[in-house]
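Participant: Mind looking at a prediction? Sequence and model below.
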Amino acid sequence: MKKPNMGNNDSTVEDLKSCESHQWYRKFMTECPSGLLSFYEFKKFFGLRNLSETSNAYVEALFTTFDLNDDGFIDFMEYVAALSLVLQGAVHQKLRWYFKLYDIDGSGCIDRDELLLIFKSVDAINGIHDDTKTQEFTNMVFDKIDINGDGELSFEEFMDGVQHDQMLLNMLTQSLDISHIVEKIQGEMMDDT
C-alpha cells in the first residue's frame, strides 16, 4: 500500500484513516495510554520542552484549538481532526482555525496585543528573537486588514483581508505550518516498525 507523504498538503483524511491509522493510533496510545492527551502530554508528544512563557502560552492556545469539545484533553479523534486540518484543510477552514487561535481571550475579535503575542510565540518556538521585526509584521497585518481602523480585527475583516492578500495568506500559513512536527512523528513511527 502506498504511504502518503505527510509533509505536504496532498495528504488526505482518508490517508490518515486508512494505511497509517494503526501507526498514528499506536503512536498516540504509546505516548498517551489513557487515550486522552493532557496539555503536559501534548507538549511531550511534540517534543516541546523548556519553552519560554510566551512560547508556552502559544502552545497552550494551540492545544485549546485542537480540544474541540473543550474538556481539557485531546482524544484520538480530535488529534486526527487537527492533523487533517493542518495537512489538507481548505484555506477557509485553516483561516477559521487561525482566527480562533489568535483570539486568545475569546472576544470574537483579535487585537494587536493578541496577534503580537502569537507572532512572538511562533518566532520563539522557531528560534527567532527579533521583537522589532515581529512588531513591524503585526503592524503591517493591521494596516492591511483593519478596514474600520478600530484596532481590532473582526472575523469578517480577518477572513476578507487575508483571503484577498496572497502575500499575507502565505506568511500566516507558513508561520503556523506544523508539518515539520508531523514529519518528525512520521519518522519516529517508521523507526518503531
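Facilitator: Done, it's in. Numbering: from 1, shown residues only.
Participant: Just the C-alphas of the host helix or strand of residue 85, formatted as PDB.
Facilitator: Assigned by DSSP states H and E, residue 85 belongs to helix 76-88. Extracted as PDB, the C-alpha positions of helix 76-88 are listed here (Å, rounded to 0.1, in the frame of the first residue of the first chain):
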ATOM      1  CA  PHE A  76      -7.600  10.400  19.200                       C
ATOM      2  CA  MET A  77     -10.400  11.700  17.000                       C
ATOM      3  CA  GLU A  78      -9.600  15.300  17.900                       C
ATOM      4  CA  TYR A  79      -6.000  14.600  17.200                       C
ATOM      5  CA  VAL A  80      -6.800  13.100  13.700                       C
ATOM      6  CA  ALA A  81      -9.100  16.000  13.000                       C
ATOM      7  CA  ALA A  82      -6.400  18.500  13.900                       C
ATOM      8  CA  LEU A  83      -3.800  16.800  11.800                       C
ATOM      9  CA  SER A  84      -6.300  16.600   8.900                       C
ATOM     10  CA  LEU A  85      -6.900  20.300   9.100                       C
ATOM     11  CA  VAL A  86      -3.300  21.200   9.300                       C
ATOM     12  CA  LEU A  87      -2.300  18.800   6.500                       C
ATOM     13  CA  GLN A  88      -5.100  19.300   4.000                       C
END
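Participant: Show me where this structure has its helices.
Facilitator: 13-17, 21-31, 39-45, 53-66, 76-88, 91-102, 112-125, 131-145, 155-163, 166-175, 179-192 (DSSP state H).
Participant: Sketch out the low-pLDDT regions of the protein for me.
Facilitator: Scanning the chain with the threshold set as pLDDT under 70 gives 1-22, 86-89, 124-127, 175-193.
Participant: Residue 55 is in contact with residue 117, correct?
Facilitator: No - contact criterion CB atoms under 8 Å: residue 117 and residue 55 do not qualify, at 10.4 Å. Just so you know, the C-beta spots here come from the backbone N, C-alpha and C atoms, and that holds for glycine as well.
Participant: Name all residues that sit in contact with these two at the same time.
Facilitator: Among the neighbours of residue 117, none is also in contact with residue 55 (CB atoms under 8 Å, 6 or more residues apart in numbering).
Participant: got the angle between the helix holding residue 85 and helix 53-66?
Facilitator: Our comparison of helix 76-88 with helix 53-66, counting by axes from the mean of the first three to the mean of the last three CA atoms, to 10 degrees, yields an angle of 110 degrees.
Participant: Helix 76-88 - contacts with which helices or strands?
Facilitator: The elements that helix 76-88 packs onto, with contact taken as 3 or more CB pairs under 8 Å, 6 or more residues apart in numbering; DSSP states H and E, are helix 13-17, helix 21-31, helix 53-66, helix 91-102, helix 179-192.
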